[in-house]
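Peer 1: Pasting the sequence and the predicted model now:
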Amino acid sequence: MGHPTSRREFLKLATTGAAGATVGSGWRPRKASAKPAQITFLRESSYVKEFDDYFKNVLIPRYQQETGIKVNYEIVAAGGSAVPRLVSIVESKAPVDVAWVQLEWLYRDGLLDVSDIAEEVGKKGGGWYPAVKDLSIQDGKWKSVPFGNIGQVMVYRRDWFDAAGFTSFPDTWEEFLEAGTKLKKAGHPFGMSMGHGFADNNSWQLPLLWSMGAQVVDKDGKTIHLDSNETAKAVDYVRKLYKDACLDDCLGWTDPANNKAFLTSQISCTNNATSILISAKRDLPEMGKVTDQALNPKGPKGRFHSLVATTHGIFKHTADPEAAKHFLRWLMDPKQVTGWYRSGFMYYAPFVHAYDHDPEWDKEPRFKPDQKVLETGKLPSWPAPADRRAGEVLSKWVVVDMFAKAATGKSTKDVIAEAVTGLKQIYG
Amino acid sequence: MSVNPVLDAARPAPQAVAAPRPFRPREWLEREAVFSWLMLTPPMLFLLAFLGYPFCYGVYLSFVNRPVAQPATFVGLANFVNLWNDPIFWQAVWNTIRFTGAATVLKLVGGLGMALVMNQNFRMKGLTRALLLLPFIVPTVLSTVAWQWILDPGMGLFNRLLMFFNLVTQGPSWLGNPTLAMVSVILVNTWRGLPFFGITILAGLQTIPVELLESATIDGAGTWQRFRHVTLPLLMPVIFIVTTFSIIFTFFDFQLVYVLTGGGPANATHLMATYAYAISMGGGQLGLGSAVALAMVPVLGLVLLAMSWYVRKD
């Protein structure tokens, strides 16, 4: 046995270690001062590396150079971990000033009024797309400044569709089913996410419901409309689509699964953000050439899309609200934000009209559907208010599971009744 | 100075009585009572801060309506009544019980087998033992992502093997079929927890005196009888402890299901832990979410009771 540590030595070591840890962690009290030394900004990492790089290597140094204020950049992994982190920041009043915000209906009360910035950005940008206002405005005040929409569209293999005789992407849900049935028989099934994911499930199921004329909850935020003939039609449709056109596995998919299945050539079509096309172009050039994007098919009541909105908010508990506002105003100024949007190939479609015809959209026509999504895009809560209850409907997968249960063989009547029970629990 | 040692010894030592003993931190620290408390205080404070406080706060939250960023309002048992009438909650409860029961039995049987094999002498024994610990060492999130690939219907190892041996023409959907999804999460949990059982039971096996087994052999006991009447009874305390811990770990498992299925398809793998998280962090209902989490405590209580009963019995 080696030299044993005596109690005294142990205590000495422990005390030194604890002191070292305190000093080493860089802890310091935060005080509001005339000129802040630093701003802490939190953001979800992007699927588009160039977008992250632009922020880190161009925008942060530029702000530091112009103002002398250091920007602490905290990044959260993409894929659903940002919202829990934001919730915990609001609850624990963690020292974060400005953040890239999603699903803010959960914690709007913890965000500062940023109406002045939002109105200024909207004015400079030729006006906001109205759908996003329901998300950012609470009781007449802007609680977040909209940034961009992650367009959820149909991503498909043009070569396989062509071979099956579909030279253009199906325009209606009926044609979509027909194409899927044919392609599945040819060994190239669709992979429409139906599991407990974050966006890839709702982004085709809700538009399908809406386009059939069904609604989940009324705009009054009270009346439950789900139990209707239109919903029944949508449920029957999904059951058939799953059986005749889809890969069995998509029933259990979380969000990364359809990317994986598409990029490994297991499926011919899915609903996703541009990340699949970007990855295919970058990593699998042959597949990149034959991958295309299209808008959701339309139904009897029209064509719809589900918005995946990203915005920026300032936490109420920030030590220096003016400094945080200064940073956000600077960031959203066209001098900064235009380059940032473009660096990400417009992956985040701007919510102001000034970018509707941005030249960046012409560089890759296959990205254009992501811009068009804004014209028919609704928040997932639509037409009900985008509030906490709507968030609970999503986080309990009430609608997603209604379809999933139907796909596993349950009757249409039963699955709708179960979903309505779930909705009643939430909406009272 | 006196020169008579006898007189000196008889005389009381005046300085010892007159001057009070100076406080010496070193000596004070050397005292058993002081030192033990000094050693105990940091972990106790740690436990209070990171277990005691959150637990008490969780109990408090379960009796209030507490949306994120809003003040709490006392609602009594309303959250529990809400859960009582919530079919998803009950599904999560049954899923958790099935998941814990099946995984624990599999881990126990597998772990016992693993330990018995590892207790034999063979080449590369040390290396094999180290490798068997791998599932336990690799972070759960990482290994679960790997399992996502293994269970992939088209590219995955499982279906490739099934097809290679001509057992199926097209492999099943491991995570898309509700029943198979539950089987899959149980399987992955078993894989991850097996080394814990194996190594702990192996440690128990090595404490069994060889003489006992030898005398049983002399008395005519066969392999099975030696195992049944000598090894197993002596292993029982270890098996009991390891099973108890495993029940607790498995019952509260979150990461595996969260990463692998998110509780889907159609809540087929939703556990109480994942449901509590979905309500609290996804739905922003901290009160209701805490009520789900608190509903797990009675099970933990029962397990602890059984544990203390067993320990006392011995």
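Peer 2: Arrived safely. In this text, all values refer to a predicted model and were calculated from it rather than measured experimentally.

Peer 1: which residue sits closest to the residue most central in space within chain A, ignoring its sequence neighbours?
Peer 2: In chain A, the centroid-proximal residue (CA atoms, centre = their mean) is residue A:308; its distance is 3.9 Å. Spatially, and ignoring its direct neighbours in sequence, residue A:308 is nearest to residue A:150 (4.2 Å; CB to CB, 6 or more residues apart in numbering or on different chains). Backbone N, C-alpha and C define where each C-beta goes, glycine included.

Peer 1: how about the nearest residue to residue A:257 once chain neighbours are set aside, what does it touch?
Peer 2: Distance criterion CB to CB, 6+ apart; nearest residue to residue A:257, sequence neighbours excluded, is residue A:193 at 7.0 Å. Neighbouring residues of residue A:193 by CB atoms under 8 Å, 6 or more residues apart in numbering or on different chains: A:200-201, A:204, A:250, A:253, A:255, A:257-258, A:270-271.

Peer 1: Next, give me the two most distant ones among the residues you listed.
Peer 2: Farthest pair in the contacts of residue A:193 (CB to CB) is A:204 and A:257. Separation: 14.5 Å.

Peer 1: For chain A, give me its nearest residue in chain B.
Peer 2: Chain A sits closest to residue B:282 of chain B, with a gap of 2.7 Å, by CB to the nearest CB.

Peer 1: Could you pull up the residues touching residue A:172?
Peer 2: By CB under 8 Å, 6+ apart, the residues touching residue A:172 are A:297-299.

Peer 1: re earlier: tell me how far the residue nearest to the centre of chain A lies from chain B.
Peer 2: Note on residue A:308: its distance to chain B, by CB to the nearest CB, to the nearest Å, is 15 Å.

Peer 1: So for residue B:107, what's the pLDDT?
Peer 2: On pLDDT, residue B:107 comes in at 96.

Peer 1: ok, so what distance separates it from residue B:189?
Peer 2: Using CB to CB, to the nearest Å, we find residue B:107 at a distance of 8 Å from residue B:189.

Peer 1: Give me the three-state assignment for the residue nearest to the spatial centre of chain B.
Peer 2: Centroid-nearest residue in chain B: residue B:249, 3.4 Å away (criterion: CA atoms, centre = their mean). With DSSP: H, G, I helix; E, B strand; the rest coil as the basis, residue B:249 sits in helix.

Peer 1: which residue sits closest to it in space, ignoring its chain neighbours?
Peer 2: Leaving aside its sequence neighbours, residue B:249 sits nearest to residue B:193 (CB to CB, 6+ apart; 7.0 Å).

Peer 1: helix, strand or coil for that neighbour?
Peer 2: helix.

Peer 1: can you tell me which residues contact it?
Peer 2: Counted by CB under 8 Å, 6+ apart, residue B:193 has contacts B:103, B:107, B:111, B:135-136, B:246, B:249-250.

Peer 1: Quick check: pLDDT value at it.
Peer 2: Per-residue pLDDT puts residue B:193 at 93.

Peer 1: That one and residue B:118, how far apart?
Peer 2: 16 Å.

Peer 1: if we can go back for a sec, grab the nearest non-local neighbour of the residue of chain B closest to chain A.
Peer 2: Nearest one to residue B:282, counting by CB to CB, 6+ apart, is residue A:395 at 2.7 Å.

Peer 1: quick one, what contacts residue B:212?
Peer 2: If you count contacts by CB under 8 Å, 6+ apart, then residue B:212 has B:230, B:234 around it.

Peer 1: just checking, it is part of a strand?
Peer 2: No: counting by three-state DSSP, residue B:212 is not part of a strand but helix.

Peer 1: quick one: the helices in the stretch 51-200 of chain A?
Peer 2: A:60-67, A:82-92, A:115-124, A:130-136, A:158-163, A:173-185 (DSSP state H, counting those that start in this stretch).

Peer 1: Same check on the stretch 151-300 of chain B?
Peer 2: Secondary structure of the stretch 151-300 of chain B by DSSP H, counting those that start in this stretch: the helices cover B:157-164, B:178-205, B:210-218, B:223-226, B:232-251, B:255-260, B:272-277, B:286-294, B:297-313.

Peer 1: Show me where chain A dips below the pLDDT cut-off.
Peer 2: Across chain A, the ranges flagged by pLDDT under 70 are A:1-36, A:79.

Peer 1: neighbours around the residue of the stretch 301-428 of chain A found nearest chain B, how many?
Peer 2: Nearest residue of the stretch 301-428 of chain A to chain B, counting by CB to the nearest CB: residue A:395, 2.7 Å away. Residues lying near residue A:395 (other CB atoms under 10 Å in any protein chain shown) number 24.

Peer 1: between residue A:204 and residue A:257, who's got more neighbours?
Peer 2: Neighbour comparison, residue A:204 and residue A:257: the larger count goes to residue A:204, with 28 against 23 (by other CB under 10 Å).

Peer 1: and the more buried one, what is it in contact with?
Peer 2: By CB under 8 Å, 6+ apart, the contact set of residue A:204 is A:152, A:154, A:192-193, A:271, A:296, A:306.

Peer 1: Among the residues you listed, which ones are in strands?
Peer 2: A:154, A:271, A:306 (DSSP state E).

Peer 1: What about residue 58, how many residues nearby?
Peer 2: Picked chain A for this. Residue A:58 has 14 neighbouring residues, counting by other CB under 10 Å.

Peer 1: Please refer instead to chain B.
Peer 2: Residue B:58 is flanked by 17 other residues according to other CB under 10 Å.

Peer 1: Verify the stated contact: it with residue B:292.
Peer 2: No: using CB atoms under 8 Å as the test, residue B:58 is too far from residue B:292 to be in contact (10.3 Å).

Peer 1: Near chain A, which residues of the stretch 201-314 of chain B? Just list them.
Peer 2: For the stretch 201-314 of chain B, the residues in contact with chain A (CB under 8 Å from any CB of the partner chain) are B:259, B:261-267, B:270, B:278-279, B:281-286.

Peer 1: Do you have the helices of the stretch 301-428 of chain A handy? List them.
Peer 2: For the stretch 301-428 of chain A, the helices defined by DSSP H, counting those that start in this stretch cover A:321-331, A:334-343, A:359-363, A:368-376, A:388-395, A:398-407, A:412-427.
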